[in-house]
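Enquirer: requesting a structural model of the entry that follows:
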Amino acid sequence: MGNSMSPLIVDGYVIAFDTHNVDHDKFLGQIVVAWNVEKGLIVSRLIIFNHTEVMVSDHREHECISLPAKSQWRIIGKVLWWIGKPG
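Expert: Numbering: from 1, shown residues only. Below is the predicted model of the structure:
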């Protein structure tokens, strides 16, 4: 997973996410898991910026990912919980 959501969720943590409902409106401001055929899975927050859905990392050195209508990214679920050993 890397450090995209640190310090909240760090590399090595186990996350559980729900793939049943992928209604983006219910996910705004929430932590989601997204998938891209070339880049794999990422964990990020879903927000709206200038009428476009954007995935934003808690660790600000990572770039935001815009989700226009024809985006190659697909949100596959909402993160429900995470667990891990403190650093």
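Enquirer: now do the helix or strand bottoming out on mean pLDDT in the chain: distance to the chain's middle.
Expert: Here the helix or strand of the chain ranked lowest by mean pLDDT, DSSP states H and E is helix 24-27, holding a mean of 79. Helix 24-27 has its C-alpha centroid displaced from the chain centroid by 12 Å (C-alpha atoms, centre = their mean, to the nearest Å).
Enquirer: in it, what's buried?
Expert: For helix 24-27, the neighbour count (16 or more other C-beta atoms under 10 Å) marks residue 27 as buried. Just so you know, the C-beta spots here come from the backbone N, C-alpha and C atoms, and that holds for glycine as well.
Enquirer: what packs against that helix?
Expert: If you count contacts as 3 or more C-beta pairs under 8 Å, 6 or more residues apart in numbering; DSSP states H and E, helix 24-27 packs onto strand 74-83.
Enquirer: so for the strand it packs on, what's the average pLDDT?
Expert: Taken as a whole, strand 74-83 has a mean pLDDT of 93.
Enquirer: now it, how far from the chain's geometric center?
Expert: Taking mean C-alpha positions (C-alpha atoms, centre = their mean), strand 74-83 and its chain are 7 Å apart.
Enquirer: quick one: average pLDDT of the helix or strand just after the least confident helix or strand of the chain?
Expert: Sequence-wise, the next helix or strand downstream of helix 24-27 (DSSP states H and E) is strand 31-36. Averaged across strand 31-36, pLDDT comes to 93.
Enquirer: CA atoms of the next helix or strand after strand 31-36 as PDB?
Expert: Next helix or strand after strand 31-36 toward the C-terminus (DSSP H and E): strand 40-49. Provided in PDB are the C-alpha atoms of strand 40-49 (Å, rounded to 0.1, in the frame of the first residue of the first chain):
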ATOM      1  CA  GLY A  40      -3.100  -1.600  -9.400                       C
ATOM      2  CA  LEU A  41      -4.800  -0.700  -6.100                       C
ATOM      3  CA  ILE A  42      -4.600   2.500  -4.100                       C
ATOM      4  CA  VAL A  43      -6.200   3.600  -0.900                       C
ATOM      5  CA  SER A  44      -7.300   7.300  -0.900                       C
ATOM      6  CA  ARG A  45     -10.000   9.800   0.100                       C
ATOM      7  CA  LEU A  46     -12.700  10.600  -2.400                       C
ATOM      8  CA  ILE A  47     -13.600  14.300  -2.600                       C
ATOM      9  CA  ILE A  48     -15.300  16.600  -5.200                       C
ATOM     10  CA  PHE A  49     -13.100  19.500  -6.600                       C
END
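Enquirer: many thanks, I have nothing further to ask.
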